[in-house]
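A.B. asks: Below: sequence and its predicted model.
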Amino acid sequence: MILASGQTKPKQGDIESNLIDHYKMIDLASKNNVDLIVFPEMSITGYEREKARNLAFTKTDSRLDKLRQLSVDKKMILIVGAPVLINDKLYIGAFVLKPDHSISIYTKQHLHSGEEKFFDSSFDNNPLINLKNEKISIAICADIVNPKHADNANKNGSTLYIASIFFTPNGIADAHKTLSDYSKQYSMNVLMANYCGQSWGLDSGGQSAFWDNNGNLIANLDKTDSGLLIVENANNKWIGITLNYE
């Protein structure tokens, strides 16, 4: 199994440009035989609150068409972030696009302070992904701060915990410690994708990373550059590489 984390510099509200970055990273991942790639929180729009409803996606949104086709063509599961409208309620969501043409949505369960003014939270949209020998749970940003989230992933039998986040430089060390602790406590492999650059007027902390199920940091990207973190399970041992995007 080969997994990837796409560390991006989103252009605020510029969906077309951000999607092009996704397409290019997916193509690079495909050249490295990646089975699944995850992007950061609201990766398609950049982190948004006030403008999120105007930028929001739906499950059948035509703007997802090329991503859906890339998933099929590249035989790769894609996890991409955006504000999502479901029955006129606005959520922070992650679309899970699969090579069998299916699409599902994960919605953020635990909102960051201030997000509740713009978004709903929900525990109803929580798809589990089965890939080869892994059972995968998704988290978005503040989900990882609530220990019950990882505990529920463990109770659901997850062996891989994927965190799609937007953390600033001040918060990234705590995020790394939290995710490393989860990997050890629950014997779950953990993959994390964060922004680099700025979003919503804030610097992001980069350092997208992967920990094996013993809590060992296998590889991580740097603080400032877009790129791919790629990890492979070869003979029950994880190895990782990083690739520059720009």
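C.D. replies: Received, thanks.
A.B. asks: Show the pLDDT at the residue positioned nearest the centre of the chain.
C.D. replies: Centroid-nearest residue in the chain: S164, 3.0 Å away (criterion: Cα atoms, centre = their mean). Looking at S164, its pLDDT is 98.
A.B. asks: Same question for the one 4 residues further on.
C.D. replies: The predicted local confidence for T168 comes out at a pLDDT of 97.
A.B. asks: How many residues are close by it?
C.D. replies: 15 (other Cβ atoms under 10 Å). Bear in mind the C-beta positions are built from the backbone N, C-alpha and C, glycine included.
A.B. asks: Just give me the neighbour total for L97.
C.D. replies: Using other Cβ under 10 Å, L97 is surrounded by 21 other residues.
A.B. asks: again with G201
C.D. replies: Around G201 there are 7 other residues, counting by other Cβ under 10 Å.
A.B. asks: Ranking helices and strands of the protein by mean pLDDT, which lands last?
C.D. replies: Least confident helix or strand of the chain, by mean pLDDT, DSSP states H and E, is strand 198-199 with a mean of 93.
A.B. asks: any residues touching the helix or strand following that one, and which ones?
C.D. replies: The helix or strand immediately downstream of strand 198-199 is strand 202-203, counting by DSSP states H and E. Residues outside strand 202-203 that contact it (Cβ atoms under 8 Å, 6 or more residues apart in numbering): 47, 168-169, 197.
A.B. asks: For E246, give me the pLDDT.
C.D. replies: Predicted confidence (pLDDT) for E246: 64.
A.B. asks: Please name the strands paired to the helix or strand containing I37 in the sheet, noting orientation.
C.D. replies: Taking DSSP H and E as the definition, I37 sits inside strand 36-38. For strand 36-38, the paired strands and their directions (DSSP bridges) are strand 2-7 (parallel), strand 77-86 (parallel).
A.B. asks: Can you name the residues that contact N146?
C.D. replies: 109-110.
A.B. asks: Distance of it relative to I140?
C.D. replies: Applying Cβ to Cβ, to the nearest Å, the value for N146 to I140 is 11 Å.
A.B. asks: shared neighbours, these two?
C.D. replies: With Cβ under 8 Å, 6+ apart, N146 and I140 have common neighbours Q109.
A.B. asks: ok, the contacts of strand 202-203 vs G157, which is closest?
C.D. replies: Of all the contacts of strand 202-203, G157 sits closest to Y47, with 31.1 Å by Cβ to Cβ.
A.B. asks: Give me the pLDDT value at the closest one.
C.D. replies: Taking Y47 on its own, its pLDDT is 97.
A.B. asks: Surely it is in contact with E41?
C.D. replies: Yes - with contact defined as Cβ atoms under 8 Å, Y47 and E41 form a contacting pair (6.5 Å).
A.B. asks: which one of those two has more residues nearby?
C.D. replies: The neighbour comparison of Y47 against E41 (other Cβ under 10 Å) goes to E41, with 30 against 23.
A.B. asks: Next up, the contacts around that one.
C.D. replies: Contacts of E41 (Cβ under 8 Å, 6+ apart): 47, 81, 92, 94, 140-141, 164-166, 195.
A.B. asks: if we can go back for a sec, tell me the gap between the least confident helix or strand of the chain and the middle of its chain.
C.D. replies: Taking Cα atoms, centre = their mean, to the nearest Å, one finds the center of strand 198-199 at 16 Å from the center of the full chain.
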